[in-house]
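Q: turn this into a structure:
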Amino acid sequence: MSTEPIWHRAAALSEFEATRKLAREIAGHKILFCRSGAEIFAIRNVCTHLGEPLEQGRLMAGQIHCPYHGACFDLRTGAAMSGPAVYGVRCFPVEIRAGEIFVLAEAV
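A: Numbers count the residues shown, from 1 in each chain. Modelled structure (predicted):
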């Protein structure tokens, strides 16, 4: 049985021309891809406060703010930066190859 990590194609980099966020389900994970400057981050698309999706949240200064109760998470680390969330969100490694975005996400 192979234990090699599996990189999944998530989107074309060009899909970020009109938006700064893309929600995808990959390998059983709900993942939110966020563009902050020239970087692309991938986090679990579920707020740890009440389990609501983060995709409609506001991006600002490398953080995403939950649209429901205002919890804030760091895009780089997933850490909860402000309440009511106490726990951070999961982050996924991202690579950009030839204009395509890939994410490392094991199947659930």
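Q: where in this structure is pLDDT low?
A: Within the chain, the stretches falling below the threshold (pLDDT under 70) are 1-3, 108.
Q: residues making contact with stretch 27-36?
A: Here stretch 27-36 makes contact (Cβ atoms under 8 Å, 6 or more residues apart in numbering) with 6, 8, 10-11, 16, 20-25, 40-46, 53-55, 59, 62, 64, 75, 92, 94, 101, 103, 105-108. All C-beta atoms are positioned from the backbone trio N, CA, C, and that covers glycine.
Q: sort out for me which of those residues are in helices.
A: Judged by DSSP state H, the subset of these located in helices is empty.
Q: and for residue 68, the neighbour number?
A: Neighbours of residue 68 under the rule other Cβ atoms under 10 Å: 16.
Q: next up, the contacts around it.
A: By Cβ under 8 Å, 6+ apart, the contact list for residue 68 reads 47, 49, 50, 52.
Q: okay, residue 80 and residue 61: tell me how far apart.
A: From residue 80 over to residue 61 the distance is 15 Å, taken as Cβ to Cβ, to the nearest Å.
Q: neighbour-wise, which of the two wins?
A: residue 80 (20 against 9).
Q: that one against residue 87, yeah?
A: Yes. Applying Cβ atoms under 8 Å, one finds residue 80 in contact with residue 87, separated by 6.0 Å.
Q: joint contacts of these two?
A: Both residue 80 and residue 87 are in contact with residue 48, where contact means Cβ under 8 Å, 6+ apart.
Q: rewinding a little: quick check on the contacts of stretch 27-36: which are buried?
A: Among these, the ones that count as buried by 16 or more other Cβ atoms under 10 Å are 8, 10-11, 16, 21-22, 24, 40-46, 53-55, 59, 64, 75, 92, 94, 101, 103, 105.
Q: and the two most separated of the contacts of residue 68?
A: Distances among the contacts of residue 68 were taken as Cβ to Cβ; the most separated pair is 49 and 52, at 7.6 Å.
Q: next, show the common contact partners of those two.
A: Common neighbours of residue 49 and residue 52 (criterion: Cβ under 8 Å, 6+ apart): 66, 68, 69.
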